[in-house]
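> A structural model of the following input is requested.
(one chain, ligands or ions: 2)
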Amino acid sequence: MIAILGTGKMGEALLSGLLRAGFKPGDILATTRRAERAQALRETYGVRVVSNSEAAKAADTLILAVKPQDMGTLLAEIASYVPSSSLVISAAAGITTSFVEQRLGGEVPVVRVMSNTPIRFDEAMSVISPGAHAGEEHLKLTEELLSPVGKVLRIPESQQDAATALSGSGPAYFFYLVEAMVDAGILLGMPRAAALDMVTQSIVGAAVMLRDSGEHPVILREAVTSPGGTTIAAIAELERHKVRAAFLAAIEAARDRSRELASG
Ligand SMILES: NC(=O)C1=CN([C@@H]2O[C@H](COP(=O)(O)OP(=O)(O)OC[C@H]3O[C@@H](n4cnc5c(N)ncnc54)[C@H](OP(=O)(O)O)[C@@H]3O)[C@@H](O)[C@H]2O)C=CC1
Ligand SMILES: O=C(O)[C@@H]1CCC=N1
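Residues are numbered from 1 along each chain as shown. Ligands and ions are numbered 1, 2, ... in the order given. So this is what the prediction gives:
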């Protein structure tokens, strides 16, 4: 039995992905804080929504998907109900496996996961790292749960904050870029809907090329950039405004914020 504790945006996306992948509603328990959300989950997915302590007792795999700031309270609530035979998968940004292990006590296997919102369309990037008591079987089980909803990569826990900054937050940078490009279209007099269509299809097309061509992004960009042409005129402006340096600084700031989150 799998339990998702804190079934918000990420928890719900995983829940619906697991159901699409063939898990049965009877295999999954969910927990929430608000009663109306519990009711909505029951009605939409047919799963049982129970208390955190019931979920911790009944399930052998617990997926913790509350906000980092709520993790301490949740762990205190479930600590006495989680046996060392359970696998605990922690999906919260910044929360270390040792933070979870210490609050659960015993030798509970913990796997830390950082996923991202494309999980809603089975296109997540999930990175996983084992805690002190997690072994190969626990990593394999975590991969089995996450691979139906996207790509899964094992990384050392020391790289989790960097991965949170890069792929956890990553989709937001692309949405931000799309907003900026659509604004540029508006500035040039395009209708808003047409500008959004053009930018969206360009970004989807570029993403598919990047994934499926096997070519390096520099090669793909050079193929668009004609000598004396339009693209280099734009790139010269991006360079003048230090956009590359801004990305380096931004992602470093996200990494630093991830490091801070476990301390509340
Ligand atoms: N959003 C993102 O892009 C990503 C988020 N994450 C991580 O995933 C986790 C969840 O994020 P997200 O889904 O966006 O957040 P949400 O706020 O959407 O979901 C968290 C849920 O947990 C519930 N909750 C809080 N405390 C408890 C409790 N004690 N018992 C049961 N349920 C509780 C909340 O209930 P209520 O709504 O009633 O407050 C809410 O529904 C975070 O730790 C975040 O760092 C990771 C990668 C990407
Ligand atoms: O912004 C956040 O804290 C979360 C973690 C990764 C993406 N969103």
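> Around ligand 1, pick out the residues from this protein.
Neighbours of ligand 1 within the chain, by CB under 6 Å from any ligand atom: 5-11, 31-34, 37, 52, 65-68, 70, 73-74, 91-93, 114-117, 168. Just so you know, the C-beta spots here come from the backbone N, C-alpha and C atoms, and that holds for glycine as well.
> Drop the exposed ones from the residues you listed and show what's left.
5-7, 10-11, 31-32, 37, 52, 65-66, 68, 70, 74, 91-93, 114-117, 168 (16 or more other CB atoms under 10 Å).
> thinking again about what came up before, taking the residues of the chain next to ligand 1 one by one, which sit in helices?
Within those, residues falling in helices by DSSP state H are 9-11, 37, 52, 73-74.
> Assign residue 174 to one of the three secondary structure states.
Three-state call for residue 174 (DSSP: H, G, I helix; E, B strand; the rest coil): helix.
> Please list all residues in contact with the nearest residue to it once chain neighbours are set aside.
Excluding the flanking residues, the one nearest residue 174 by CB to CB, 6 or more residues apart in numbering is residue 203, at 6.6 Å. Residue 203 makes contact with 174, 177-178, according to CB atoms under 8 Å, 6 or more residues apart in numbering.
> Just the local confidence number for the residue of the chain found nearest ligand 1, please.
Proximity of the chain to ligand 1 (CB to the nearest ligand atom) peaks at residue 8, 1.7 Å away. In this model, residue 8 is scored at 97, pLDDT.
> Not counting its neighbours along the chain, what's nearest it?
residue 65 (6.6 Å).
> one step back: distance to residue 102 added to the ones in helices among the residues of the chain next to ligand 1, as CSV?
Output for these, formatted as CSV (distance: CB to CB, whole Å):
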residue, distance to residue 102
9, 27
10, 23
11, 23
37, 29
52, 18
73, 15
74, 14
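> will you turn those residues into CSV that also has distance to ligand 2?
Formatted as CSV, those follow (distance: CB to the nearest ligand atom, whole Å):
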residue, distance to ligand 2
9, 9
10, 9
11, 13
37, 19
52, 21
73, 18
74, 16
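> just to revisit the earlier point, please report phi then psi for the residue nearest to residue 8.
Note on residue 65: backbone dihedrals following degrees, to the nearest 10 are phi -130, psi 30.
> Low-confidence bits of this protein, can you list those?
Regions of the chain meeting the criterion pLDDT under 70 cover residues 264.
> If you count residues, where's the longest helix of it?
Max-length helix for the chain by DSSP H is helix 192-213.
> Remind me what whichever helix or strand comes after that one packs against, helices and strands.
Next in sequence after helix 192-213, counting helices and strands by DSSP states H and E, comes helix 217-224. If contacts are counted by 3 or more CB pairs under 8 Å, 6 or more residues apart in numbering; DSSP states H and E, helix 217-224 sits against helix 192-213.
> burial measure for the nearest residue to residue 55 once chain neighbours are set aside, as a count.
Nearest residue to residue 55, sequence neighbours excluded (CB to CB, 6+ apart): residue 3, at 3.8 Å. The local packing of residue 3 (other CB atoms under 10 Å) involves 26 other residues.
> Mind telling me what element residue 3 is part of?
Using DSSP H and E, residue 3 sits in strand 2-5.
> Now do that strand: distance to the chain's middle.
Averaging C-alpha positions (CA atoms, centre = their mean, to the nearest Å) puts strand 2-5 16 Å from its chain's average.
> contacts for it?
11, 14-15, 18, 23, 27-31, 50, 52, 55-56, 58-59, 61-66, 74, 78, 145.
> list the helices and strands the helix or strand hosting residue 112 packs on?
Element membership of residue 112, judged by DSSP H and E, is strand 110-114. On a contact count with 3+ CB pairs under 8 Å, 6+ apart, strand 110-114 meets strand 87-90, helix 97-104, strand 124-130, helix 136-146, helix 160-163.
> most tightly surrounded among these?
Highest mean neighbour count among the helices and strands packed on strand 110-114 (mean count of other CB atoms under 10 Å): strand 87-90, with a mean of 25.
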